[in-house]
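In: Coordinates for the following, if possible.
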Amino acid sequence: MIRWVLFWLWLGGFSVFGATKVAIIGDSISTGAHAKPQATNGYPAVLGRLLGDEFQVKPFAIGGHTLVRKSRAALMGKPIYQKALEFAPDVAVIMLGTNDSNSGGGNHWQYQADLETDLMAMVSDLRKANPEVLIHIAGPPPMYPEKSGLPSERIANLKERRERLAEIRKRFGVIAAKEPKVLIHDLARTFGPEETTDGVHPTTEGHAKLAAHLADVLPTKFDESFRAENELKEAGLEAKVSEFGGYARYDFKVPGAGCSGTIVSPKQAAAGRPWIWRARFFGHQPALDLELLDRGWHVAYCDVSNLYGAEPAMLRWDAMHEFMSKTLGLSPKPVLEGMSRGGLPIFNWAARHPNSVSAIYGDNPVCDFRTWPGGDGGKRSEGDWKRLLEVYGIDDAAAGKHDQVVDRLEPIAKAGIPVAVVLGMKDDVVPPKQNGEAVAAKYESLGGKVRVWRKPDAGHHPHGLHPPAELREFLLEATKRAGK
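Out: Predicted coordinates:
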């Protein structure tokens, strides 16, 4: 309830004597097509139930229609579009573009050069209807040529159009980047191929997931003024620009550390500018990172390979944190994410800086280096063991008596940092009993909050929790308590 009240206040206290009006403007997906029954299980209806009585969600959509105005199937100019404007929404969700990608049956794609102009025309219309309207550009939703059972001609059509959808999202992103109170959300991970009926239209379950995603992002407050690219330029850093999961990726040298660093930037930053910090294996099993990007988080990485959480790794992370929080202006309390050997740096750095961490996520984490790479109950790695001894400045005898993560948990627990652990219970590389399980038990005994997800039949791989929704919500809640 408090969440929605805050959202209402952010909107400026719209509809003082009634519900906040949410207009869903779109094509067949926004009519609830292919949900059973459509009227009650299409995503607009489900979204209305999720948002509650404080919101009036109303669809203004026609199947097969487009954003571009030159098309004979243009939504703008149709009576239902005029009704959307008469509704004078406080919040508008625009989910168009799917049919604009089609070059058959009217060849809507021939007008693709007008996409930005026509989207801006719709934005202007909505602002005339309500100058305070908050506009969310949703998607367009994904297409799946790999959906089972599709005929060959349908597969070819969807393959061609899927490439066009990526271009449409980029065009829409241009408007969102420059226009105030216009936000864009990536829906590529909301539902999968088998949650569509034909590679495009969601099933009833797909509609439910689409509604849940929108119910998650619509109330989120975003900081539209912040752009990582601008901050990097202001800092005088030259960054290599590429793409990661549909988001802008920047690679650079970390000031004060000399090692490589990476930032992936969301379409727009969530208020408080939260971020998740990968310790190792950037890009591996990225489902959680991508879902957080969808919700306005940044993803960061600082190279500490072959340092095993030792002092040189800690010094690199000190420099990276200084740069991220003070130079770029991201949250001073990131979430730390460590897969496998990444467990060592996340726990060791948190123990040194417990007031600079909002949560910790370890995935089959190495917490006792005697097991890996030492081979005591785990898998021996001669090369890694030799490098570890060298970077720690110890020998085999000293390694057997060296403090491990379980010996460093007290300051983390005292700081009240929530810890999430995902374990493959058949992991014979990094045995859970001596690593993740031992840390979770000790942390709980110290009064710390810990949540463990156990995968009974999984080994060291695959990493990650699939689907990552429960883990994502655990971390989102942790950052709210930490003030991001």
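
In: Which helix or strand in this protein has the lowest average pLDDT?
Out: When each helix and strand of the chain is scored by mean pLDDT, DSSP states H and E, helix 2-10 comes last, with a mean of 44.

In: Tell me the helices and strands packed up against whichever helix or strand comes after that helix.
Out: Counting by DSSP states H and E, the element after helix 2-10 in chain order, helix or strand, is strand 20-26. Secondary-structure packing of strand 20-26 (3 or more Cβ pairs under 8 Å, 6 or more residues apart in numbering; DSSP states H and E): helix 43-51, strand 55-61, helix 79-87, strand 91-95. Backbone N, C-alpha and C define where each C-beta goes, glycine included.

In: Contacts for the second one next, please.
Out: Judged by Cβ atoms under 8 Å, 6 or more residues apart in numbering, the contacts made with strand 55-61 from elsewhere in the structure are 4, 18-32, 42, 44-45, 47-48, 51, 75, 80-81, 83-84, 87, 95.

In: Also the third one?
Out: With Cβ under 8 Å, 6+ apart as the contact definition, helix 79-87 has outside contacts at 21, 23, 25, 58, 60-62, 75, 92, 125-126, 128-129.

In: Need the buried ones from those selected in PyMOL.
Out: Restricted to buried positions by 16 or more other Cβ atoms under 10 Å, the PyMOL selection for these reads:
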select buried, resi 21+23+25+58+60+61+62+75+92+125+126+129
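
In: Widest-spaced pair of the contacts of helix 79-87?
Out: Farthest apart among these by Cβ to Cβ are I62 and K128. That separation is 21.5 Å.

In: where exactly do the strands run in the stretch 351-484 of the chain?
Out: For the stretch 351-484 of the chain, applying DSSP state E, counting those that start in this stretch gives strands covering 359-363, 419-424, 450-455.

In: Let me see the mean pLDDT of the helix or strand hosting A313.
Out: Assigned by DSSP H and E, A313 belongs to helix 311-322. Average pLDDT, helix 311-322: 98.

In: Which residues does it contact?
Out: So helix 311-322 is contacted by 254-257, 259, 261, 277, 300, 302-304, 307, 332, 334, 344-345, 348-349, 352-353, 356, 391 (Cβ under 8 Å, 6+ apart).

In: In the helix of greatest length in the chain, which residues are buried?
Out: When the chain is parsed with DSSP state H, its longest helix is helix 152-178. By neighbour count on 16+ other Cβ under 10 Å, the buried set for helix 152-178 is 157-158, 160-162, 164-165, 168-169, 171-173, 175-176.

In: ok, the next helix or strand after it: who's next to it in the sheet?
Out: Next in sequence after helix 152-178, counting helices and strands by DSSP H and E, comes strand 182-185. Here strand 182-185 has these sheet partners by DSSP bridges: strand 134-138 (parallel).

In: now the angle from the helix or strand in which V123 is found to helix 152-178?
Out: Following DSSP H and E, the helix or strand that holds V123 is helix 115-129. Interaxial angle, helix 115-129 versus helix 152-178 (axes from the mean of the first three to the mean of the last three Cα atoms, to 10 degrees): 60 degrees.

In: Do I have it right that S356 meets K333?
Out: Yes - using Cβ atoms under 8 Å, S356 is in contact with K333, at 6.0 Å.

In: quick one, which of these two is more surrounded?
Out: Each of S356 and K333 has its neighbours counted (other Cβ atoms under 10 Å); K333 has more, 22 against 19.

In: For the residue nearest to the more buried one when sequence neighbours are not counted, give me phi and psi.
Out: Leaving aside its chain neighbours, K333 sits nearest to S358 (4.0 Å; criterion: Cβ to Cβ, 6 or more residues apart in numbering). S358 adopts backbone torsions of phi -100, psi -30, taken as degrees, to the nearest 10.

In: Let me see the contact set for the residue nearest to R341 when sequence neighbours are not counted.
Out: The shortest distance from R341 to any non-neighbouring residue, by Cβ to Cβ, 6+ apart, is to V366 (4.8 Å). With contact set as Cβ under 8 Å, 6+ apart, V366 has these partners: 340-344, 372, 430, 435.

In: cutoff 7 Å now
Out: V366 makes contact with 340-341, 343-344, 372, 430, 435, according to Cβ atoms under 7 Å, 6 or more residues apart in numbering.

In: Likewise for H284?
Out: By Cβ under 7 Å, 6+ apart, H284 lies in contact with 339, 463.

In: separation between it and M339?
Out: Distance, H284 to M339, using Cβ to Cβ, to the nearest Å: 7 Å.

In: again with M122
Out: If you measure M122 against M339 using Cβ to Cβ, the figure is 43 Å.

In: what does V304 give?
Out: 13 Å.

In: and if you look at P193?
Out: Look at P193 and M339: by Cβ to Cβ, they are 26 Å apart.

In: which one of the two has more residues nearby?
Out: Higher neighbour count among P193 and M339: M339, with 25 against 15, using other Cβ under 10 Å.

In: Would you check that that one makes contact with P345?
Out: No - counting by Cβ atoms under 7 Å, M339 does not reach P345; the two are 11.2 Å apart.

In: domains of this structure?
Out: 2-219, 228-481 (automatic domain parsing).

In: worst average pLDDT in the ones you listed?
Out: Ranked on mean pLDDT, the bottom entry among the domains of the chain is domain 2-219, at a mean of 93.

In: circling back: and the strands of the stretch 351-484 of the chain, which is most packed in?
Out: Sort these by mean neighbour count, taking mean count of other Cβ atoms under 10 Å, and strand 359-363 sits at the top with a mean of 27.

In: Not counting its neighbours along the chain, what's nearest L150?
Out: G199 (5.7 Å).

In: Next, that neighbour: secondary structure please.
Out: Under DSSP: H, G, I helix; E, B strand; the rest coil, G199 falls in the coil class.

In: Next, show the common contact partners of H284 and M339.
Out: H463.

In: Report the spatially closest residue to A270, excluding sequence-adjacent ones.
Out: With sequence-adjacent residues excluded and distances taken as Cβ to Cβ, 6+ apart, A270 is closest to G296, at 3.0 Å.

In: One more: I175?
Out: Among residues not flanking I175 along the chain, L119 sits closest, at 5.3 Å (Cβ to Cβ, 6+ apart).

In: Surely that neighbour and F172 touch.
Out: Yes - here L119 reaches F172: they are 6.1 Å apart, a contact under Cβ under 7 Å.

In: give me every residue that touches H298.
Out: 228, 263-266, 269, 275, 330.
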